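In: model the structure of this input:
(chains A, B and C, ligands or ions: 1)
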Amino acid sequence: MTLFLKPRTIATAARILVIDDGITMRLFYRTVLEAAGFVVEEATNGLEGYEKVLARPFDLLIVDINMPKMDGLSMLRAIRRDGATMGVPAVTISTESKDSDTLKAYQAGANYYLVKPVTPETLVEVAHLMAGVPA
Amino acid sequence: MTMTHAPRAVINQITISNEEFAKFCEFFYRKTGINYHQSKKYYVDRRIIDRMNKTNSENFRDYFTFIRFQGSGEELQFLVNAMTVNETYFFREDYQFEALVKSMLPNLARTRRATKPIKIWSVPCSSGEEPYSIAINILEKWDQADQWDIEIYASDIDSKILAEARAGLFGARSLARVPPALLSRYFVSTGEGSYRICDELRGSIDFSLINIVDPMQTRKYTDIDIIFCRNLLIYFDDIARREAVEMFYETMSPGGYICLGHSESMSRMTSLFVPRKFGDTIVYQKPEE
Amino acid sequence: MGLVKGNVPDDGLGRDPAVCPLQPKLLADLASDDPGPRRAAARALAAYPEAATALCNRLEIEPAPSVRAMILTTLIKIQNPAIAARLAALLRSDDVPLRTAVIEALQEMPDSAALHLRTLLNDPDSDVRIFAVNILGALRHADVPGWLAELIREEPHINVCAAAVDALAEIGDSEALADLDTLRARFASETFMSFAIDTATRRIRGQ
Ligand SMILES: C[S@@+](CC[C@H](N)C(=O)[O-])C[C@H]1O[C@@H](n2cnc3c(N)ncnc32)[C@H](O)[C@@H]1O
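Out: Predicted coordinates:
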């Protein structure tokens, strides 16, 4: 099993917020991303995610779509509308794989779209790509 | 009401079964939105038994019938008074008062004509520290306070604590965070570390007995610009919270703000409001429709 | 200017709203052009279970999130199997905010929702099955861990299984351990699935 990729040294560790209502999913993202040297915070729904993004800046958001209180797409729209937060890169990771779902995610402001389940390798690669830290 | 002459041993004999506890909780929840877990049984039982003694009730069933069907609702009010947690103090979570005078009020003032009053509602207000803190912060720190009519409403379900709020007498514990300069400006010493809030402030706040779960009681509040609802909703369950914040939504004017306690986040209740960051705190804004 | 005293008349505790028959005006308001009356009607209709169908009809076309939220709150208060059936049908909607709001509402009406879960768990659309698992996981019912364990024995779709494992991580008991092991073997090449099962197993064992 290659779950734990080698930690790499990141000058100033990029901060990633994972927003997903699944406990095992959040823990998976956290374990994989921390092992790769990122600093990880969690939110359990879109509204909590939005509050955390308002409270302090992140280098990357990893966003589930179907979540209680506020879904991931509504959250992205809110974040993109707000001058203070609009620039943060975001990857949506969802169970839905239809073309129309992908399109909706991009329209809402996602920069990248992955379908669940993701492998640790893909996750880390995309995180490096999007959080602006050279791989 | 006179104290009963029941000796201690008899008082201690009254017990409340788990089923009775569950029945009571269901009823109390429907009336107040407050939800007790089984782990609170001791706390709840003690207060019920105390009221049973004071009303000469022989057993739980009699007492329960009494509070449910008494026309005046007086005993239910006594019980509510005994059950509520009234803990509060001046300048509690004061970063929100900072946000009030630095951001919320200036924002409202920018988009609004001065002919309409600015309405602020502190609910629950408990013994009054919160609405008085709001008033003091506005007078001290908002330079446009003179140019606006500002109405402060303050409500609580507990009639006894509300009487204390109206009286405006405070002890050292409650005043611990009030700087000396403000203490001498807005309070009068009554000796032994107690102070009374000055009459001017006391007279400027409209106190009222309100149960936020009862739509008949809340619907007279309209066009509220800022609501402070702190440290109450933590005692509610999901659906009661949901109803409460929807009620608040309806009483507010568009663009108005609502402030919650630091352990209460809208993200666990509803997405009706938009979170806004002001300084170190997040408050929630009703969208303009 | 400055602080002025407002006046709202005093009121007593625990007054019940006057009981009166359902007014056609309330139903008409539900279709008003202005969301204000629609919200007010949605809240007021909580006293009239017979308005449930009208509320469900409105929910299906209602564009304003605030009105939707209040309609759903009222439906939760009225809750019955017919309402749950109407809501369950909306899980197939493409409208993501509506769908998530409906899931939360169904979680708040466990008895009524439970009646429709079998059908939903057999829906051909894997996303609908995931939503059904999300609802199931939130129901406070002693049989839920058993149903979830049963589900992961049969369910072919990895994401539906993953949702069930997630629920088991919270509410599972030792009876689920064997089924979790079997599931691990079934998706042996999926790192996430092994990870999720390890997590659930650890939690169930209380480690
Ligand atoms: C802990 S105090 C909070 C006081 C103040 N807001 C603060 O944060 O310091 C909680 C208050 O809520 C009041 N309360 C409880 N249920 C209520 C209800 N249904 N409606 C109005 N007030 C209620 C209690 O009487 C109590 O005074």
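In: just the strands in chain C please.
Out: Using DSSP state E, the strands of chain C run over C:2-4.
In: which residues touch the residue nearest to C:Asp173 when sequence neighbours are not counted?
Out: Nearest non-adjacent residue to C:Asp173, counting by Cβ to Cβ, 6 or more residues apart in numbering or on different chains: C:Pro145, 5.2 Å away. Every residue, glycine included, has its C-beta placed from N, CA and C. Shown in contact with C:Pro145 (Cβ atoms under 8 Å, 6 or more residues apart in numbering or on different chains): C:168, C:171-173, C:175-176.
In: any of those buried? List them.
Out: Buried subset of the contacts of C:Pro145 (neighbour count, 16 or more other Cβ atoms under 10 Å in any protein chain shown): C:168, C:171-172, C:176.
In: farthest-separated two in those?
Out: The largest separation in the buried ones among the contacts of C:Pro145, counting by Cβ to Cβ, is between C:Ile171 and C:Ala176 at 9.4 Å.
In: and the buried ones among the contacts of C:Pro145, which is closest to chain B?
Out: Nearest to chain B out of these is C:Ile171 (Cβ to the nearest Cβ; 17.0 Å).
In: I'd guessed that closest one sits against C:Asp143; true?
Out: No: counting by Cβ atoms under 8 Å, C:Ile171 stays clear of C:Asp143, with 11.0 Å between them.
In: for residue 80, which non-adjacent residue is spatially closest?
Out: I'll assume chain A. Excluding its sequence neighbours, the residue lying closest to A:Arg80 (Cβ to Cβ, 6+ apart) is A:Gly109, at 3.9 Å.
In: try chain B instead
Out: Closest to B:Val80 by Cβ to Cβ, 6+ apart is B:Ile157, at 5.8 Å.
In: give me the neighbour count for that neighbour.
Out: When neighbours are defined as other Cβ atoms under 10 Å in any protein chain shown, B:Ile157 has 27 of them.
In: report the contact partners of it.
Out: B:32, B:80, B:84, B:124, B:209-212, C:13.
In: now neighbour count too, for those, in CSV please.
Out: Output for the contacts of B:Ile157, formatted as CSV (neighbours: other Cβ atoms under 10 Å in any protein chain shown):
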residue, neighbour count
B:Thr32, 23
B:Val80, 23
B:Thr84, 20
B:Pro124, 25
B:Leu209, 17
B:Ile210, 25
B:Asn211, 24
B:Ile212, 24
C:Leu13, 20
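In: just the residues you listed: which has the poorest pLDDT?
Out: Among the contacts of B:Ile157, C:Leu13 has the lowest pLDDT, at 39.
In: B:Lys41 is in contact with B:Glu20, isn't it?
Out: No: applying Cβ under 8 Å, one finds B:Lys41 not in contact with B:Glu20, separated by 10.3 Å.
In: isn't B:Ile34 up against B:Met83?
Out: Yes: taking contacts as Cβ under 8 Å, B:Ile34 lies within contact range of B:Met83: 7.3 Å.
In: what's the overlap in contacts for C:Ile171 and C:Ala176?
Out: The overlap between the contact sets of C:Ile171 and C:Ala176 (Cβ under 8 Å, 6+ apart) consists of C:145, C:148.
In: give me the number of residues near the residue of chain C found nearest chain B?
Out: Using Cβ to the nearest Cβ, the closest approach of chain C to chain B is made by C:Gly6 at 3.4 Å. C:Gly6 sits with 19 neighbouring residues when counted by other Cβ under 10 Å.
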